[in-house]
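1. model the structure of this input:
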Amino acid sequence: MTDALSGKTVLLTGASAGIGLATARAMLIAGASGVVVNGRNGERAEAAAESLRAEFPDRTIGAAPCDISTPDGATQAVETALSALGHVDVLFNSAGGNDLPKLFHKTPIEDIPAMTGPACNAIVLPCRAVLPHMSERGSGAIINVASDAAKIATPGEAVIGGVMAFIVMFTRGLAIEARRNGIRANCITPSIVRETPLYDRLMADDFAGKLFAKAEQMAHLGVVEAQELAELAVFLASPAAAKITGQAISINGGISAA
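-> Alright, predicted model coming up:
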């Protein structure tokens, strides 16, 4: 899809590695004129940006090191992107949770607030911060990453599934509200994605590793890689998806028909 995003600008959250960084690269390959990558860790965010600058020296590439699960951090990320890029055509959010599956009755009660609030806020707040800008321009594409746990109940993912379902329904509601201003909002729901830090953590964990090893055996079309998810994001951000909004699209290699 070379030139599918020609001249477009993109802010990507949770993009210092994994899905976010792969998507930033895919957006640039597709012709985006500039991207800003966000990450909580300043060194990693800047390293990600520098790796992209080395590969795409003719583009505008910036880093926004901040915690977008807070109002100040989300606002800062958008302001950094606007300063660097002039405007934001696409917002790609992939920072909405990276907790490992754990049976609910074995989850310490004091751990649950940190599993829910920040993960939801990391999706909602950047959308809220960028919405006035996109509304004023009368266009924009928002792509949020959740997971198939939003659609299929799985042992160990009661809390995670609830958060993912929240992200999906939030995206749908946003799509209905924002359509009048020319803004589209869609959600990508993978199951397992290789080449990500979360994948490595999942497979190293005793409970999660067994759970997802079984799921991988069901991916008869192949386990999804970060680059493949990134290509779906490019499509959703492009003019080819101009009539698509409010959708939660699974990409899982056939693990389920979620």
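
2. can you map out the strands along the protein?
-> For the chain, the strands defined by DSSP state E cover 9-13, 34-39, 60-65, 90-93, 140-145, 183-190, 193-194, 224-225, 248-251.

3. please name the nearest non-neighbouring residue to residue 75.
-> Of all residues not flanking residue 75 in the chain, residue 129 sits nearest, at 5.0 Å (CB to CB, 6 or more residues apart in numbering). For the C-beta atoms, the positions are set from N, CA and C on the backbone; glycine is no exception.

4. JSON lines for the strands of the chain, including mean pLDDT and mean neighbour count?
-> Shown next, in JSON lines, are the strands of the chain (pLDDT from 0 to 100; neighbours: other CB atoms under 10 Å):
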{"stretch": "strand 9-13", "mean pLDDT": "98", "mean neighbour count": "29"}
{"stretch": "strand 34-39", "mean pLDDT": "98", "mean neighbour count": "29"}
{"stretch": "strand 60-65", "mean pLDDT": "98", "mean neighbour count": "22"}
{"stretch": "strand 90-93", "mean pLDDT": "98", "mean neighbour count": "28"}
{"stretch": "strand 140-145", "mean pLDDT": "98", "mean neighbour count": "26"}
{"stretch": "strand 183-190", "mean pLDDT": "98", "mean neighbour count": "25"}
{"stretch": "strand 193-194", "mean pLDDT": "91", "mean neighbour count": "22"}
{"stretch": "strand 224-225", "mean pLDDT": "94", "mean neighbour count": "20"}
{"stretch": "strand 248-251", "mean pLDDT": "97", "mean neighbour count": "18"}
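
5. need the ones you listed in a markdown table (columns: distance to residue 105).
-> Putting the strands of the chain into a markdown table (distance: least, CB to CB, whole Å) gives the following:
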| stretch | distance to residue 105 |
| --- | --- |
| strand 9-13 | 32 |
| strand 34-39 | 34 |
| strand 60-65 | 37 |
| strand 90-93 | 31 |
| strand 140-145 | 28 |
| strand 183-190 | 26 |
| strand 193-194 | 28 |
| strand 224-225 | 30 |
| strand 248-251 | 28 |
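
6. picking that back up, so what's the residue nearest to residue 75 up against?
-> Counting by CB atoms under 8 Å, 6 or more residues apart in numbering, residue 129 makes contact with 74, 75, 77, 78.

7. ok, now with 7 Å
-> 74, 75, 78 (CB atoms under 7 Å, 6 or more residues apart in numbering).

8. before we move on, what about residue 144?
-> Shown in contact with residue 144 (CB under 7 Å, 6+ apart): 93, 96, 123, 167, 171, 187.

9. so the first one makes contact with residue 13?
-> Yes. Taking contact to mean CB atoms under 7 Å, the distance of 4.9 Å between residue 93 and residue 13 places them in contact.
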